[in-house]
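A.B. asks: Could you look at this predicted model? Sequence included:
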Amino acid sequence: MLCSSILAQTNEIKKNLPNILFFIADDCTFRDLDSYGGVNVVTPNIDKLANEGMQFMRCFQPTSMCTPARSCLYTGLYPVRNGAYPNHSHVNAGTKSIFHYLKPAGYRVALLGKQHISPPESFPFDFLGDPGDDLNFNAMDDFLAETKRQDQPFCLFVCSHQPHFPHTKGDTLKFDPKQIQLPPYYVDSKEMRSKFVKYLAEIIYMDEEVGKCLELLKKFNLTENTVVVFTSENGNNFPFAKWTCYDNGLQTAFIVRWPGKVKAGSKTKAMVEYVDVTPTLIEICRGKVPSNLDGKSFLPVLLGEKTTHKNYTYGIQTSRGIDRGPEYYGIRTIRSDTFRYIYNLTPEASFQCTFTRGNLFKSWIAKADTDTIAKFIVNRYQHRPAEELYNIINDPYEQHNIISDPNNAQTVQQLRKKLMRWMSQQGDNGQATEMKAYERQNNGKNQKPVTD
C-alpha cells in the first residue's frame, strides 16, 4: 500500500510539472523584429507571445555563432569552459546538458530541427524527424500526441533554420526594396536592399513557424501548462552582427509566456544571458541547479519577484575556423548597463568572413571609392582598434568609439579589469586559446570548416 501511495504521489507531481517549448530562430538580429523596434516586418505570432508573456529587453549570448551559442544555452557553461568556443566545435567529454538535468525528473527532452551540437553523449536529445531545412511539424504533432497520451511532461526545443543565409524562404513580393529602412551601419545600395528584402521575407516565414507551434499546443490543449520561450539567436550574417561582439551580434530577442505565472504584456530590463537558461529551466521544472554551472536562474525575474539579475554580461568571438574566415581574429567583450567594452586581440589583422569575400561586399567597396560614408563603414568592418568603448544608451548602434575620451578612462579601466578576471576564471588565454580553435572543431584538424 505504501509503495502504491508513493507511486501515485510521484505520478501526480509529474502530471503537474510544466511543459517547455523553446523556439530558436537562426541568425536573426533582434532589432529587426517588430516587437523589438523593427520597422520593416510584422511578426504577429512573436508579437502574440510578447503580449501574453514577458519580453526581455537585455538578453545576451556569449558569442554570435550557432554552435557555441547553442552549446552554452544547453549546458549553462560559457564557451571556453565548455570547450565549444569556435564554430562547428564540440564540448568537452563528460559535459552535461539540459537533457541530463530534466530526464531524471521524468521529462522527455527532444529537439526538432537544426542541431549543431556535439558530441552525442553530451546532447542525447530525442531528435524528431530529420534536421532538414524545414521543420517537420508532423513529427512535432506525433510527439505532442504521445506525451499527452502518456501524461509525460516534455521539454521540446524547436530549432528553425530561418532566417539563416542564403535566404530562400518567404515571399519577397511583400516588400518594396526602395521603401525598406536599412540600418545606419550598412552601405545603402541597390544590391544591399535586394539582399535585405530576402532576409526580411525569411523572418516572416520564421514567424509563421512560431504560429504553427502555438497552434499545435492549442490542438492538444497544452497551452495553459506549457512555458513557451522564443529567442532570435545571434544576429544576421550581414556586417556588424554575426561574427562580432557588438549588440547586433550578441543581444537576442527573448520572450517567455507562462500562463498564470508570468505577467502578460510585461517587459524587463534585467540583464540575462544564454548561460542562465539551463539553470532557469531546471528551476521551472522543480529541479536542483548544479553548483558547477556558470549561469544563474532568472526565475525570480519571470515571477515578478525581482527586476534585476546581472550587472555584467560577457562575450567572445573566435573567427579562426569560420567559413572563409581569417587565420585568426579573436574578440572579447564585457557589457554593463551603460557601456560595452571590446578587446580585439589582434588589431593588426584584417577581419574576413563569407560576407567580405562575396559579391555584395564588392558592391560596398565599389561605392566606397566615391562615397566617404561607405568608405568609413567598409574600413571599420575589417579594421578595428585594440579597444573599443560604446555608450549603449546614447549610441545604441555602436557607431562612435569613445575609448579615447579621457572622461571614460576610469570606466575603461574598470571594465577591462573585470573582463580579464572573467577570462582568467574561464581558462581563456586570449590569443593562445584562439590558436587552438582547430583542435576544438569537429574534424579536429587544420582543415577548411564546413559552411554555416
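C.D. replies: Received, thanks.
A.B. asks: all strands for the protein, in order.
C.D. replies: Under the criterion DSSP state E, the chain contains strands at 19-24, 54-60, 108-113, 126-128, 154-159, 226-231, 251-257, 266-268, 272-273, 313-318, 330-335, 339-344, 387-391.
A.B. asks: What is the end-to-end distance of stretch 401-409?
C.D. replies: Using C-alpha to C-alpha, to the nearest Å, one end of stretch 401-409 lies 13 Å from the other.
A.B. asks: Mind listing what's buried along it?
C.D. replies: Residues of stretch 401-409 classed as buried: 401-403, 408 (neighbour count, 16 or more other C-beta atoms under 10 Å). Any C-beta I mention is one placed from the backbone N, CA and C, and that applies to glycine too.
A.B. asks: do stretch 43-61 as well
C.D. replies: 43, 45-50, 52-56, 58-61.
A.B. asks: Go through these and name the one nearest Ala432.
C.D. replies: Nearest to Ala432 among those: Gln61, at 23.6 Å, using C-beta to C-beta.
A.B. asks: May I ask you to confirm that Tyr36 is in contact with Ala253?
C.D. replies: Yes - between Tyr36 and Ala253 there is a contact at 5.5 Å, judged by C-beta atoms under 8 Å.
A.B. asks: ok, those two, which is more surrounded?
C.D. replies: The residue with more neighbours, out of Tyr36 and Ala253, is Ala253; 26 against 20, by other C-beta atoms under 10 Å.
A.B. asks: so who does that one touch?
C.D. replies: Ala253 makes contact with 25, 28, 30, 33, 35-36, 46, 56, 59, 230-232 under the criterion C-beta atoms under 8 Å, 6 or more residues apart in numbering.
A.B. asks: of those, closest to Asn92?
C.D. replies: Thr231 (24.3 Å).
A.B. asks: and Gln317, what are its bridge partners?
C.D. replies: Judged by DSSP bridges, the bridge partners of Gln317 are Ile331.
A.B. asks: I'd like the distance between it and Asn344.
C.D. replies: Distance from Gln317 to Asn344, counting by C-beta to C-beta, to the nearest Å: 9 Å.
A.B. asks: what touches both of those two?
C.D. replies: Common neighbours of Gln317 and Asn344, counting by C-beta under 8 Å, 6+ apart, are 329-331.
A.B. asks: returning to that earlier point: find the residues that touch each one of Tyr36 and Ala253.
C.D. replies: Common neighbours of Tyr36 and Ala253, using C-beta under 8 Å, 6+ apart, are Phe30.
A.B. asks: My read is that Asn401 contacts Asn391, right?
C.D. replies: No - judged on C-beta under 8 Å, Asn401 makes no contact with Asn391 at a distance of 10.3 Å.
A.B. asks: if I look at Tyr199, how far off is Thr168?
C.D. replies: The gap separating Tyr199 from Thr168 is 11 Å, by C-beta to C-beta.
A.B. asks: Looking at those two, which is more packed in?
C.D. replies: Neighbours were counted for Tyr199 and for Thr168 using other C-beta under 10 Å; Tyr199 has more, 25 against 13.
A.B. asks: Can you tell me the closest non-neighbouring residue to that one?
C.D. replies: Among residues not flanking Tyr199 along the chain, His167 sits closest, at 5.0 Å (C-beta to C-beta, 6 or more residues apart in numbering).
A.B. asks: Equivalent analysis for Pro396, please.
C.D. replies: Using C-beta to C-beta, 6+ apart and skipping the chain neighbours, the partner closest in space to Pro396 is Asp247 (7.2 Å).
A.B. asks: count of neighbours near that neighbour?
C.D. replies: Neighbours of Asp247 under the rule other C-beta under 10 Å: 25.
A.B. asks: Could you tell me the per-residue confidence at it?
C.D. replies: Reported pLDDT at Asp247 in the predicted model: 98.
A.B. asks: quick one: it and Phe339 touch, right?
C.D. replies: No - at 11.3 Å, Asp247 does not count as touching Phe339 under the criterion of C-beta under 8 Å.
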